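>>> just a sequence and a predicted model for now, questions to come.
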Amino acid sequence: MKHYSHIQSAKQIIEGYNGKEPFHRYIRSFFAQHKKYGSRDRRQISGLCYAYWRLGAALDGLSVEDRILAGHFLCTTGDTDPVLENIKPEWNAALKTGLAEKFTLITGDQQAYEKELPKVFSWLEECSIDIDRKAFADSFFIQPDLFLRLRPGKEKQVKDKLSKAGVSFHEITAGSLSMPNSTKIDELITLNTEAVVQDLSSQQVGELMELMQSTATTIRLWDCCAGSGGKTILASDKFKKLSITVSDKREQILTNLNKRFREAGIAQFQSFLVDMAVGSGRLPAKYNYDLIIADVPCSGSGTWGRSPEWLRFFDAKEIETYSALQKKIVANAIPHVAEGGYFLYITCSVFKKENEEVVEYIQSNSALQLVKSAVIKGYDRKADTMFAALFQR
């Protein structure tokens, strides 16, 4: 009976959600208002909800309860599962089969996988050309990992702490680790000081930074849409000497950034509040930089493996809205690139209108030369998928 109760609770939560806020906030608020659920109940119900969202628009002909079970089946691997063992034993016996076989078992249709997979991510035709659309859609049935980028000189210290705590982790490189997404890493190490929680693809943006050939003794860096500041911390670990400026249009973000930079050992930096879609408010002749990072607002579609509710609630009209916004931001930032300096454009989107189309816009409307652009694929590594392009004046 417990498993049926969990499914009904998941159904209640799903039907009450309207996509106006991130689902993790909504479900946290739901459990805060309904104290009867214990920690195991919350974990199981949350898992069922997320499995439902991972279907996107696939299997829409099923009831909510059946879609919850189907999503759970498609997302679950291993020898056995208590929910399926009690409710769908024939599915439980097929846990180790592939997605195609599972779709057939759910629907009775041998062609269900080919028919339903494009509905998981309904905007595959909008994706950047280098993305394997089938592999990308498949990836939504896998929970992404948690990734750590270890700060220089802290590698052994962090690994020793994790090993001592019995945490299972995979060493990708000497300075990069992956582990289950549920790992409570903040209880084990000093975040930002010893290591940074940073997706693997985001870490790989550093490879484009390494293509810079600057002769400046001190590199003047402006992170113009700074957000949480992860790219600036990455740059500070890449380059010996930086003069750092950060900006964002949200005052609270800059307040949070100040705290994070202190934890990361970045004591000297300038920050200012600005909406780059409107303009920098500064004269390019006076304020110019050797490297401008524009990690622009975007659809976030490359990260929806972590927030799969957007597979259901995203409005395709937003793609054009974001693309127009991104073009305004780069148009206002590029005049501040110093002679010989670099401009690094970044999104966590898979849509070509936010990626290649903006690169074409930059090439057509500025004197910058493209050094390299790339889709940083995460869908085959349990990571996010990103796009980055490095230009030079």
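Cool, the structure landed. Please read all numbers here as calculations on a predicted model, not as lab measurements.

>>> grab the nearest non-local neighbour of F147.
L200 (4.7 Å; CB to CB, 6 or more residues apart in numbering). Every C-beta, even on glycine, is put in place using the N, C-alpha and C of the backbone.

>>> these two touch, right, that neighbour and A383?
Yes - counting by CB atoms under 8 Å, L200 touches A383, with 4.0 Å between them.

>>> give the residues shared as contacts by those two.
145, 147, 178 (CB atoms under 8 Å, 6 or more residues apart in numbering).

>>> SS state for the second one?
On the three-state scheme (DSSP: H, G, I helix; E, B strand; the rest coil), F147 is labelled strand.

>>> same question, A294
strand.

>>> ok, it - contacts?
Here A294 is in contact with 224-225, 276, 329-330, 333, 343-346 (CB under 8 Å, 6+ apart).

>>> 7 Å instead?
224-225, 329-330, 333, 343-346 (CB atoms under 7 Å, 6 or more residues apart in numbering).

>>> repeat that for G153.
No contacts exist for G153 under CB under 7 Å, 6+ apart.

>>> can I assume it sits in a strand?
No - judged by three-state DSSP, G153 forms no part of a strand; its state is coil.

>>> ok, now how distant is it from P144?
28 Å (CB to CB, to the nearest Å).

>>> next one: T183
Applying CB to CB to T183 and P144 gives a distance of 12 Å.

>>> and the spatially most central residue of the chain, its phi and psi?
Geometric centre of the chain, nearest residue: T303, 3.3 Å, by CA atoms, centre = their mean. Here is the backbone geometry of T303 (degrees, to the nearest 10): phi -110, psi 10.

>>> now do the end-to-end distance for stretch 88-98.
In stretch 88-98, first residue to last residue: 17 Å (CA to CA, to the nearest Å).

>>> how about it: buried residues?
Residues of stretch 88-98 classed as buried by neighbour count (16 or more other CB atoms under 10 Å): 88, 91-92, 94-95.

>>> contacts for that stretch, please.
Contacts of stretch 88-98 (CB under 7 Å, 6+ apart): 69, 73, 76-81, 84-85, 101-102, 105.

>>> one more time with 6 Å
73, 76, 78, 80-81, 84-85, 105 (CB atoms under 6 Å, 6 or more residues apart in numbering).

>>> so how far is that stretch from its chain's centroid?
Taking CA atoms, centre = their mean, to the nearest Å, one finds the center of stretch 88-98 at 30 Å from the center of the full chain.

>>> again, but for stretch 386-393
Put simply, stretch 386-393 sits 18 Å off its chain's centre (CA atoms, centre = their mean).

>>> just stretch 181-193 next, same as before
For stretch 181-193, the distance to the chain centre is 18 Å (CA atoms, centre = their mean).

>>> endpoints of that stretch, how far apart?
End-to-end distance (CA to CA), stretch 181-193: 20 Å.

>>> same question, stretch 373-393
Span of stretch 373-393 from end to end, CA to CA: 15 Å.

>>> buried residues, stretch 372-381. List them.
Neighbour-count burial for stretch 372-381 [16+ other CB under 10 Å]: 373-379, 381.

>>> my bad, stretch 21-38
23, 26-27, 30-31, 37.

>>> mind putting those residues into a markdown table with distance to Q252, secondary structure and pLDDT?
Below are the buried residues of stretch 21-38 laid out as a markdown table (distance: CB to CB, whole Å; DSSP: H, G, I helix; E, B strand; the rest coil; pLDDT from 0 to 100):
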| residue | distance to Q252 | secondary structure | pLDDT |
| --- | --- | --- | --- |
| F23 | 22 | helix | 98 |
| Y26 | 21 | helix | 98 |
| I27 | 23 | helix | 98 |
| F30 | 25 | helix | 96 |
| F31 | 25 | helix | 96 |
| Y37 | 31 | coil | 92 |
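
>>> hang on, the earlier thing: torsion angles phi and psi at the residue nearest to F147?
According to degrees, to the nearest 10, L200 has phi -60, psi -40.

>>> ok, so of the buried residues of stretch 21-38, who is nearest E207?
F23 (32.4 Å; CB to CB).

>>> wait, that closest one touches E309, no?
Yes - between F23 and E309 there is a contact at 4.1 Å, judged by CB atoms under 6 Å.

>>> quick one, longest helix in this protein?
Ranked by number of residues, the top helix in the chain under DSSP state H is helix 317-333.

>>> I'd like to know which elements that one is packed against.
strand 289-295, helix 356-365 (3 or more CB pairs under 6 Å, 6 or more residues apart in numbering; DSSP states H and E).

>>> buried ones in that helix?
318-319, 322-323, 325-327, 329-333.

>>> are any of the shared contacts of L200 and A383 buried, and which?
Judged by 16+ other CB under 10 Å, buried ones among these: 145, 147, 178.
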